[in-house]
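Peer 1: Sequence first, predicted coordinates after that:
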Amino acid sequence: MRGTPGPFVPGQLTRERSVKVFLTGASGVMGRSSIEALHQAGHDVVGLVRTEEHAAMVAATGAQPWKGDLYDRQTLAAGMAGCDAVANLATKVPVGAAALRPGSLKAIDRIRLNGSRVVADAATRAGVGRLVQQSLSFIYADQADEWIDEHSPVDVTRATEPVVVAEDNVRAFGDRGGVAVSLRFGLITGDDANTAWLFRRAAAGRSIGLGREDTWMHVVHPDDVGTAVVHALCAPGGYYNVGSEPVQRRDYVDTIAQAAGRTGGHFLPPWILRLGGEKLEILTRSQRVSSHLFSERTGWHPRHPQLTSAWFDELVEA
């Protein structure tokens with residue numbers, strides 16, 4: 001363990017104490033960001049992996065790889081033994097146009113509907129005191145120009161239901177005596193596969209925008225995902241929005257296009273939205289989301305508070 005651990009009460013973590021965190025999705029964008037942030041904060045990390053390649057990747061970060069499957073309670077509980085907290089960041093987001101294919105959300109829906117329950121059950125079995133669940137602010141209803149906080153209405157469709165179920169599975173962990181925290185992240189925007197796909201399209205002069213130009217988006221830089229996970233270790237149980245300042249879609253599209261060497265970006269025609277149905281509908285909701293509650297309760301503030309072209313520097317260099 002890094003640092004000198006002090007007295008520990010299950011679920012009650014402090015910034016002064018070094019803790020051990022079991023992390024699912026360890027080799028993904030959110031996982032890598034979280035490992036770096038957790039290590040910088042002085043914590044130890046055990047990262048769940050499925051392959052030897054990912055095990056080597058996680059080991060190279062200084063984290064301890066744990067070979068297992070998200071749906072195997074016994075293996076998960078064994079890996080969580082001795083851990084103070086679990087951060088469930090497992091996901092499998094389809095990239096680009098692949099999201100429109102039939103069954104494209106099957107894998108990620110299973111992760112949210114079933115995997116989140118298995119992780120929560122394993123954490124209870126292992127005696128872990130705190131569970132942090134990756135969630136999405138996409139579940140909020142369209143509120144036009146109105147600000148959205150954690151009390152704003154949620155619009156449940158077939159596309160958002162798995163996210164809501166995952167939050168309910170984590171809440172059940174809290175009902176069993178643990179501390180349950182769900183982080184409702186905005187759209188990850190930066191050095192990730194989907195942003196890279198948009199960046200390539202924009203560079204080629206192709207359309208990347210969805211929905212009305214004057215509506216609002218909630219975005220988050222990958223770096224801020226990791227620091228949010230660190231601060232969630234000290235947060236009271238509950239749901240929290242996590243992201244930068246909201247950005248209007250026209251500014252989002254133009255910022256990506258300009259970083260890609262274009263003067264401005266273009267929006268996809270409405271018929272594409274009809275083709276995508278509920279899968280794309282959640283990406284067009286106007287969501288002027290506030291992360292004030294999480295900042296107020298934990299002291300977290302994004303290192304990247306406003307979307308700028310600098311968010312795409314690594315894509316430019318690539």
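Peer 2: That came through, no problem.
Peer 1: what number of residues lie near the closest residue to Val45 other than its chain neighbours?
Peer 2: Distance criterion CB to CB, 6 or more residues apart in numbering; nearest residue to Val45, sequence neighbours excluded, is Ala63 at 4.0 Å. (Glycine included, C-beta is placed from N, CA and C.) For Ala63, the tally of surrounding residues (other CB atoms under 10 Å) stands at 24.
Peer 1: And Ala63, how far from Val132?
Peer 2: Between Ala63 and Val132 the computed distance is 16 Å (CB to CB, to the nearest Å).
Peer 1: and if you look at Asp175?
Peer 2: Distance of Asp175 to Val132, computed by CB to CB: 16 Å.
Peer 1: So if I had to pick from these two, which one is more boxed in?
Peer 2: Taking other CB under 10 Å, Asp175 and Val132 do not tie; Val132 has more neighbours (27 against 8).
Peer 1: thought the more buried one was touching Ala87?
Peer 2: Yes: in this structure, Val132 sits in contact with Ala87. The criterion is CB atoms under 8 Å, and the distance is 4.4 Å.
Peer 1: overlap in contacts of the two?
Peer 2: Between them, Val132 and Ala87 share these contacting residues under CB atoms under 8 Å, 6 or more residues apart in numbering: Val229, Ala232.
Peer 1: Can I take it that Tyr239 is in a strand?
Peer 2: Yes: according to DSSP: H, G, I helix; E, B strand; the rest coil, the state of Tyr239 is that of a strand.
Peer 1: Leaving out chain neighbours, which residue sits closest to it?
Peer 2: Once its chain neighbours are removed from consideration, Tyr239 has its nearest residue in Ser182; the separation is 4.8 Å (CB to CB, 6+ apart).
Peer 1: From Leu280, how far off is the residue nearest to Val45?
Peer 2: Counting by CB to CB, the gap from Ala63 to Leu280 is 35 Å.
Peer 1: for this protein, which helix is longest?
Peer 2: When the chain is parsed with DSSP state H, its longest helix is helix 161-175.
Peer 1: name the helices or strands packed onto it?
Peer 2: With contacts defined as 3 or more CB pairs under 8 Å, 6 or more residues apart in numbering; DSSP states H and E, the packing partners of helix 161-175 are helix 116-126, strand 130-136, strand 179-185.
Peer 1: Nearest to Val230, out of these?
Peer 2: When these are ranked by proximity to Val230, the top entry is strand 130-136, at 9.8 Å, counting by CB to CB.
Peer 1: what does stretch 309-318 contact?
Peer 2: Around stretch 309-318, the neighbours that count as contacts under CB under 8 Å, 6+ apart are 189-191, 195-196, 199, 221, 255-256, 258-260, 304.
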